[in-house]
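Chemist: generate coordinates for the sequence data below:
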Amino acid sequence: MAERAQTNYSYTSRSTIEDDDRLSSEFVPHNDNDESQGDSSSDFSMETASVAPSSNDRASIFKPPSIASSGSDMSISIASRDEIYPHDSVSQRAAEEQSDISEVPSVVSYNSSVDGHLFRELFGRAFAAQNDSYILPADDIEHSRLDRQHDLLKYDLGNCLYAAPDLVRKVLRPGQAQRPSVLDVGTGSGRWALEMAAEFPHADIVGLDLAPPTLTDVSTIPPNCRFEVDNANLPLDHYANCFDVVHCRCVELGIVDFHAFLYNVAQTLKPGGVLLLCSGYAQLFDEQHRPLPVTVEGDPKFTWIQRVFGEAYAALLARQDNALDAKDHWDEWVDANPNFEYHFVRDRFIPIGPWPEGLNDMQRYSSELMRYNCSTILFAYKPLLRLEGFPPDVIDRMIENAIEEIQELRARAYVKWRYGVAIRSSTPWTEKLETPVPVESAPSVIFSDEYKSAKANSASSKSPVNITPASSVV
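Modeler: Next comes the predicted model:
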């Protein structure tokens with residue numbers, strides 16, 4: 001059985017984190033590209049906001065290159081190889097100086113001689129050492145990508161940090177007998193937690209992850225926010241009945257049993273507390289929101305970006321140590337969980353780049369961020385594909401082809417993001433006792449018969465078929 005790490009990194013002083021009635025919900029999209037499960041007529045509202053972050057808030061530090069702070073020119077330049085082809089090196093920054101109010105480091109970045117117990121090195125990138133199932137990096141390069149992914153999701157929700165704003169703002173309203181509190185599971189770079197702390201200064205925010213966020217300036221951490229290193233696969237009973245909101249974004253790669261995880265998360269919520277789930281798909285979708293298969297060159301539906309995503313998905317699926325497709329079962333698992341009394345799931349489609357006609361400024365902004373995110377996540381997949389046996393030159397050629405496709409907007413595709421919202425019931429917490437029936441479902445990424453055949457017949461099953469150099473792609 002896995003053991004909890006003995007070290008708990010609190011970057012600011014610990015604040016004490018000690019019922020609301022059932023709430024109505026509103027979800028904030030900004031366009032009509034929604035695919036709903038069930039009747040959604042009462043679940044949507046519109047919000048307007050300034051597109052560009054202000055120059056004096058922390059978000060402006062992480063603006064993608066060439067994003068205008070005003071006007072209609074929202075383009076992001078990804079022509080620089082330094083931006084798209086980052087150095088595959090581990091951050092070697094030493095830990096920052098001690099905090100005045102804490103006996104542990106205020107900010108911890110990876111240093112091979114100091115923090116070897118937190119990180120492991122793989123093909124030149126740093127990975128969390130506590131959990132072998134999470135196979136994306138945890139270094140500065142990855143946290144920079146997560147910062148921009150955070151921005152694209154925020155602006156896709158109308159410059160809002162969370163779905164169901166009425167629910168969240170009600171449970172976090174000031175003036176309650178107990179100080180409100182929020183848990184961000186899988187906090188990554190810490191951006192969501194930091195911005196929640198700024199929006200709700202009267203609430204305590206805790207960011208939890210396998211590795212500390214690689215923050216560069218301790219002054220950016222408000223006094224009501226702290227970060228802890230822990231493994232969310234382990235019991236969370238030390239947080240029982242503590243939080244009004246629990247936020248989980250893209251955590252399934254690090255969760256072995258997501259069904260059990262939902263029970264553990266429910267234990268941390270107060271009665272009436274809100275669970276927020278968010279995750280993206282490796283499956284891409286065409287202009288009519290139909291799945292684009294992983295297929296062979298020459299097929300009219302072939303795209304390099306879907307090829308790389310598909311190869312990474314297949315490698316992750318083969319590991320059998322993660323909850324890769326858990327988001328396809330949120331609805332049924334939450335519905336069957338006695339600790340929740342209300343839930344809904346909604347899908348959002350965000351284009352990779354501003355190729356659709358009629359985008360408003362905010363939609364264009366999020367589409368450009370998605371374009372950048374899809375370009376940079378390819379490099380986070382490189383160690384995974386190396387483990388799967390792909391030669392480095394084959395990986396590089398696939399990525400170069402995909403980058404050209406994205407730069408030139410040849411891949412007219414959408415990424416689907418799924419949001420889930422649930423409310424903790426007022427009944428005492430119930431432990432998961434039953435063994436769930438094995439889930440029988442198709443993979444969430446579609447592979448064409450032509451691709452499967454070519455893959456099976458190739459000389460090396462680890463080498464993708466028909467790899468074309470980027471310079472020859474028309």
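Chemist: all contacts plus neighbour counts: C-alpha atoms, from now on.
Modeler: OK.
Chemist: what's the average pLDDT for the helix ranked longest in the chain?
Modeler: Counting by DSSP state H, the longest helix found in the chain is helix 361-380. Per-residue pLDDT over helix 361-380 has a mean of 95.
Chemist: which helices and strands sit right next to it?
Modeler: Applying 3 or more C-alpha pairs under 8 Å, 6 or more residues apart in numbering; DSSP states H and E, one finds that helix 361-380 makes contact with helix 140-156, strand 340-351, helix 392-407.
Chemist: how about the ones you listed in TSV, adding mean pLDDT?
Modeler: TSV is the format used below for these (pLDDT from 0 to 100):
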stretch	mean pLDDT
helix 140-156	94
strand 340-351	95
helix 392-407	95
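Chemist: give me the angle between the helix or strand that contains Ala197 and helix 140-156.
Modeler: Following DSSP states H and E, the helix or strand that holds Ala197 is helix 191-199. Orientation of helix 191-199 against helix 140-156 (axes from the mean of the first three to the mean of the last three C-alpha atoms, to 10 degrees) gives an angle of 50 degrees.
Chemist: tell me the helix or strand right after the helix or strand of the chain with the lowest mean pLDDT.
Modeler: The helix or strand of the chain with the poorest confidence is helix 81-84; it has a mean of 33 (mean pLDDT, DSSP states H and E). Where DSSP H and E defines the elements, the next helix or strand beyond helix 81-84 is strand 119-122.
Chemist: which neighbouring elements make contact with the next helix or strand after that next one?
Modeler: On the C-terminal side of strand 119-122, the closest following helix or strand by DSSP H and E is strand 125-128. On a contact count with 3+ C-alpha pairs under 8 Å, 6+ apart, strand 125-128 meets strand 119-122.
Chemist: who does the strand it packs on pair up with?
Modeler: Its sheet considered, strand 119-122 pairs with strand 125-128 (antiparallel) by DSSP bridges.
Chemist: for the partner strand, output the C-alpha coordinates as CSV.
Modeler: These are the backbone C-alpha positions of strand 125-128, laid out as CSV (Å, rounded to 0.1, in the frame of the first residue of the first chain):
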residue,chain,number,x,y,z
ARG,A,125,12.4,16.2,-17.7
ALA,A,126,11.3,16.3,-14.0
PHE,A,127,8.4,14.1,-12.9
ALA,A,128,6.7,13.7,-9.6
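Chemist: what about that strand, average pLDDT?
Modeler: pLDDT averaged over strand 125-128 gives 90.
Chemist: pull the longest strand from the chain.
Modeler: The longest strand of the chain (DSSP state E) is strand 269-285.
Chemist: for the helix or strand that comes right after it, output the C-alpha coordinates as PDB.
Modeler: Later in the chain than strand 269-285, the nearest helix or strand by DSSP H and E is helix 304-319. Extracted in PDB, the C-alpha atoms of helix 304-319 (Å, rounded to 0.1, in the frame of the first residue of the first chain):
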ATOM      1  CA  TRP A 304      -0.900  15.100 -37.500                       C
ATOM      2  CA  ILE A 305      -2.100  16.600 -34.300                       C
ATOM      3  CA  GLN A 306      -4.700  13.800 -33.800                       C
ATOM      4  CA  ARG A 307      -2.000  11.300 -34.700                       C
ATOM      5  CA  VAL A 308       0.300  12.500 -31.900                       C
ATOM      6  CA  PHE A 309      -2.600  12.800 -29.400                       C
ATOM      7  CA  GLY A 310      -3.800   9.300 -30.400                       C
ATOM      8  CA  GLU A 311      -0.400   7.700 -30.000                       C
ATOM      9  CA  ALA A 312      -0.100   9.300 -26.500                       C
ATOM     10  CA  TYR A 313      -3.600   8.200 -25.600                       C
ATOM     11  CA  ALA A 314      -2.800   4.600 -26.700                       C
ATOM     12  CA  ALA A 315       0.400   4.600 -24.600                       C
ATOM     13  CA  LEU A 316      -1.500   5.900 -21.500                       C
ATOM     14  CA  LEU A 317      -4.300   3.400 -22.000                       C
ATOM     15  CA  ALA A 318      -1.800   0.600 -22.200                       C
ATOM     16  CA  ARG A 319      -0.300   1.500 -18.800                       C
END
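Chemist: run through who's touching whichever helix or strand comes after helix 304-319.
Modeler: Counting by DSSP H and E, the next helix or strand C-terminal to helix 304-319 is helix 330-336. The contact list for helix 330-336, computed with C-alpha atoms under 8 Å, 6 or more residues apart in numbering, reads 259, 262, 340-345, 420, 422.
Chemist: just stretch 338-351 next, same as before
Modeler: So stretch 338-351 is contacted by 29, 33-37, 156, 263, 266, 289, 330-331, 334-335, 366-367, 370-371, 412-425, 427-430 (C-alpha under 8 Å, 6+ apart).
Chemist: buried subset of those as a ChimeraX selection?
Modeler: Command for ChimeraX that selects the buried part of these, burial taken from 16 or more other C-alpha atoms under 10 Å:
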select :29,34,156,263,266,289,330,331,334,335,366,367,370,371,412,413,414,415,416,417,418,419,420,421,422,423,424,425,429
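Chemist: quick one: which of the contacts of stretch 338-351 sit in helices?
Modeler: Those of the contacts of stretch 338-351 lying in helices (DSSP H): 156, 263, 266, 330-331, 334-335, 366-367, 370-371.
Chemist: any chance of those residues in TSV, plus distance to Ala128?
Modeler: Listed next are these as TSV, based on distance: C-alpha to C-alpha, whole Å:
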residue	distance to Ala128
Asp156	29
Tyr263	24
Ala266	25
Trp330	26
Asp331	30
Val334	29
Asp335	32
Ser366	29
Ser367	30
Met370	25
Arg371	27
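Chemist: which of the residues you listed sits closest to Arg397?
Modeler: Distance to Arg397 across the ones in helices among the contacts of stretch 338-351 (C-alpha to C-alpha) is lowest for Arg371, with 18.9 Å.
Chemist: surely the closest one and Ile352 touch.
Modeler: Yes. Arg371 is in contact with Ile352 according to C-alpha atoms under 8 Å; the separation is 4.6 Å.
Chemist: what residues are shared contacts of the two?
Modeler: Contacts common to Arg371 and Ile352, judged by C-alpha under 8 Å, 6+ apart, are Ile406.
Chemist: just to revisit the earlier point, if you rank the contacts of helix 330-336 by neighbours, which is first?
Modeler: Ala422 (26 neighbours; other C-alpha atoms under 10 Å).
Chemist: and the gap between the residue nearest to that residue when sequence neighbours are not counted and Gly273?
Modeler: Nearest non-adjacent residue to Ala422, counting by C-alpha to C-alpha, 6 or more residues apart in numbering: His343, 4.0 Å away. Distance, His343 to Gly273, by C-alpha to C-alpha, to the nearest Å: 12 Å.
Chemist: need the overlap of contacts for the two.
Modeler: The contact lists of His343 and Gly273 share Ile423, where a contact means C-alpha under 8 Å, 6+ apart.
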